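>>> Pasting a predicted model and its sequence here:
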Amino acid sequence: MEMIVCAKQVPDPEAPPATFKVDPSTNKVVPPPGVPPVISTFDEIAVEAALRVKDGKGGKITVLSLGNNLVRDVVKKPLAMGADQLVLLEDQAYEDGDSWSTAYALAMAVKKIGQFDIIFCGRQAADWDAGQVGIGIAEILGIPVVTLVKKVDVADGKLTVERMVADGHEIVEVPTPCVLTITNEFGEPRYAPLKGIMKAAKIQPTVWKPADIEVDASQIGAQGRRAKLGKLFQPVKVGKCEIIEGEDVAEAAANLAVKLREAKVI
Amino acid sequence: MADSKGVLVFADIVEGKLAGITTELLGCGRQLADGLGEDLSVALLGSGVKGLAEEAIAWGADKAYVVDDPLLQDYQAEAYLAAAQKVTEEISPKVILYGQTPVGRDLAPRLAFRLGTAVSTDCVELAIDPDTKLLLQTRSVYGGNARAVFTSDRMPQIVTVRSKSMSPLPKDDSRKGEVIEVAAGLDPSMIKAKFVQKVKEEVVGVKLEDAPVVIGGGRGMGAPEGFQQLEALARLFKGAVGSTRPAVDNGWIPSTTQVGLTGKIVTPDLYIAVALSGSSQHMAGCSGSKTIVAINKDPEANIFREADYGIVGDWKQALPAFTQKLKELLA
Ligand SMILES: Cc1cc2nc3c(=O)[nH]c(=O)nc-3n(C[C@H](O)[C@H](O)[C@H](O)COP(=O)(O)OP(=O)(O)OC[C@H]3O[C@@H](n4cnc5c(N)ncnc54)[C@H](O)[C@@H]3O)c2cc1C
């Protein structure tokens, strides 16, 4: 199996909400100082999904990351987990894209890679939460895609996957080559073993500039956007929590019940 | 599509019925259509769905486009996409609304990429810009930490809408509208990703999305046994138990109970958050609750910035006393 995983570097989505800041003058998020970026949660699970196929059937995993000034230790994590090679689409021209321009650049990079059976993506990136890039890559390449996948079985060139829905899951059969977007119900990504980290340190990522994937600068990054960002802001929160006290926790809890009754909440 | 006109809602149909989100989309779509002074259409895709047209009109649509085809019995993306594209080309709408549901979040981006336009997923607010007449698409981003307003000058402007973020209009059974049947020319050979079967997770008791009271349990519950205590509390209210992602990932409770950005959206009268920190991604699924109560041992936990009432302490001490007192009060 030849596999490609699209993995994005994002500001740590699980940093405390109180540290989250937007700079209104640039319409951009200010990364919290001292909190390193990470591979987007679901993309890391997508790496895990590819590794499990490789564990069972063998194969090769190429990781694709798009951005600029990517932190090597961060984008190399999939290698440390067990992926085989890393291609970075790294250039200022790729920055500030939308789902369309990002999917387009990634699809063109996939074309350059050439041979593949499955492309794994996360169900949505942990920064913009759009959930479109995997679908977009499939549409641009003209291949099928199944979204919200929580289980993958490979047999005879055909995949049987489970797709999450509100009240359970659907079983779907899909031929290769195809795109799968992976959801957290798939399971936890594995830890990178020390041996893997040492191996990853020695691997030099391949860097592709826009010219390498034969795309025009007007189609990618900020220039290629089809959705225009007007305003980015933080919703106002009114901290108004009334803390109910008591001699001990049990009494406070009983007082809470009484309070809810008085306030006609119950 | 220089002459595009009107608003088109793609109905979400679950087990042969219009899902609640569809009535919300029609309520919001009606306002947008009135703002533009144009028609509101609804598209009903499925098998045996023609009978839903009158109901969709009663919820606010002027016209109902029906694609009734056995190939649309189950959700198979390629067939649904072909049908959606056909209806879209027939109407040439300015605005298309989908629900942010398992179908809508999958189909809306496919349609946008197919048509070469843009889509904003998971919108929580929509309005027509008075100057440009473009759709202002406000969506939640960065896990709920921020909001972003998008526009696109490509037609149609496509969005998916978060459930419970818009209100339906009162149903008016006397409303009249036109029903148009569309032959989409679907063919089994276009279906590459084939639906095999659905595996339903049965819920006992009240459905989470409809429960008037939801007890949410987090990582601090520590084990499945903790959730049994939450179940007991939920039963007192005829409510339901929700959870955070770590509780699901640990296998303490089924994933269908997860509340949040990537789980269910709930808006009960009362949400009791037990041993969960109140991450932005979790709050994205419950911040619309009328009253939020927090039980957490960490006074600095973010949930206290979100809650109306709270106690600081270990749930193991708090819950028995709280449940006991409630029993007395509710008796
Ligand atoms: C893109 C993305 C999407 C996500 N989607 C979702 C989603 O849909 N839903 C979701 O829930 N999460 C989601 N998450 C995960 C989210 O970021 C948080 O990691 C998660 O919500 C934290 O769960 P928690 O509050 O249970 O755990 P923690 O943050 O670890 O909080 C546990 C809390 O329990 C308290 N506690 C511990 N022991 C006790 C005790 N004995 N008594 C009282 N209090 C105690 C602690 O003080 C702490 O505040 C998502 C994350 C990402 C990146």
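Right, received. Where do you want to start?

>>> use CA for all of it now, contacts and neighbours both
Noted.

>>> Tell me where the longest strand sits in chain A.
Using DSSP state E, we find that the single longest strand of chain A is strand A:145-155.

>>> Now look at stretch A:154-171 and say if it contacts the ligand.
No. Residues of stretch A:154-171 are not located near the ligand by Cα under 6 Å from any ligand atom, the shortest gap being 12.6 Å.

>>> does chain B sit close to that stretch?
Yes. Stretch A:154-171 reaches chain B (Cα under 8 Å from any Cα of the partner chain) through A:164-171.

>>> List the buried residues in the longest strand of chain A.
Going by neighbour count (16 or more other Cα atoms under 10 Å in any protein chain shown), the buried part of strand A:145-155 is A:145-152, A:154.

>>> Output those residues in JSON lines; the columns should cover distance to B:Ala184 and pLDDT.
As requested, those are exported to JSON lines (distance: Cα to Cα, whole Å; pLDDT from 0 to 100):
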{"residue": "A:Val145", "distance to B:Ala184": "22", "pLDDT": "98"}
{"residue": "A:Val146", "distance to B:Ala184": "22", "pLDDT": "98"}
{"residue": "A:Thr147", "distance to B:Ala184": "24", "pLDDT": "98"}
{"residue": "A:Leu148", "distance to B:Ala184": "27", "pLDDT": "98"}
{"residue": "A:Val149", "distance to B:Ala184": "28", "pLDDT": "98"}
{"residue": "A:Lys150", "distance to B:Ala184": "31", "pLDDT": "97"}
{"residue": "A:Lys151", "distance to B:Ala184": "32", "pLDDT": "98"}
{"residue": "A:Val152", "distance to B:Ala184": "32", "pLDDT": "98"}
{"residue": "A:Val154", "distance to B:Ala184": "33", "pLDDT": "96"}
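
>>> on that earlier part again, now what about the longest strand of chain A, what contacts it?
The contact list for strand A:145-155, computed with Cα atoms under 8 Å, 6 or more residues apart in numbering or on different chains, reads A:49, A:53, A:123, A:134-135, A:138, A:159-164, A:174, A:178-187, B:106, B:193.

>>> now, which of those residues lie within helices?
Among those, the members falling in helices (DSSP state H) are A:49, A:53, A:134-135, A:138, B:106.

>>> Show me the two of those residues that sit farthest apart.
A:Val53 and B:Asp106 (24.0 Å; Cα to Cα).

>>> Return stretch B:310-319 as CSV; C-alpha atoms alone will do.
Extracted in CSV, the C-alpha atoms of stretch B:310-319 (Å, rounded to 0.1, in the frame of the first residue of the first chain):
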residue,chain,number,x,y,z
GLY,B,310,-20.6,26.3,40.7
ILE,B,311,-19.0,24.4,43.6
VAL,B,312,-15.3,23.9,44.0
GLY,B,313,-14.6,20.4,45.2
ASP,B,314,-14.3,16.7,44.5
TRP,B,315,-17.3,15.3,42.7
LYS,B,316,-17.1,12.1,44.8
GLN,B,317,-18.1,14.2,47.8
ALA,B,318,-20.4,16.6,46.0
LEU,B,319,-22.5,14.2,44.0
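
>>> mind checking how far it is from the chain centre?
Here stretch B:310-319 shows a centroid-to-chain-centroid distance of 32 Å under the convention Cα atoms, centre = their mean, to the nearest Å.

>>> With stretch A:59-79 instead?
With Cα atoms, centre = their mean as the basis, stretch A:59-79 stands 12 Å off its chain's centre.

>>> where's A:Thr176 relative to B:Thr160, distance?
To B:Thr160, A:Thr176 is 29 Å away according to Cα to Cα, to the nearest Å.

>>> Please read the previous query as pertaining to B:Gln228.
With distances taken as Cα to Cα, B:Gln228 is found 36 Å from B:Thr160.

>>> can I get the CA coordinates of the longest strand of chain A in PDB?
What follows is strand A:145-155, C-alpha atoms only, in PDB (Å, rounded to 0.1, in the frame of the first residue of the first chain):
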ATOM      1  CA  VAL A 145     -13.700  10.200  -0.500                       C
ATOM      2  CA  VAL A 146     -15.300   8.900   2.700                       C
ATOM      3  CA  THR A 147     -15.400  11.400   5.600                       C
ATOM      4  CA  LEU A 148     -15.600  10.800   9.400                       C
ATOM      5  CA  VAL A 149     -13.900   7.400   9.200                       C
ATOM      6  CA  LYS A 150     -13.300   5.500  12.500                       C
ATOM      7  CA  LYS A 151     -12.200   2.100  11.200                       C
ATOM      8  CA  VAL A 152     -10.400   0.900   8.100                       C
ATOM      9  CA  ASP A 153     -10.100  -2.700   6.800                       C
ATOM     10  CA  VAL A 154      -8.100  -3.500   3.600                       C
ATOM     11  CA  ALA A 155      -8.800  -6.600   1.500                       C
END
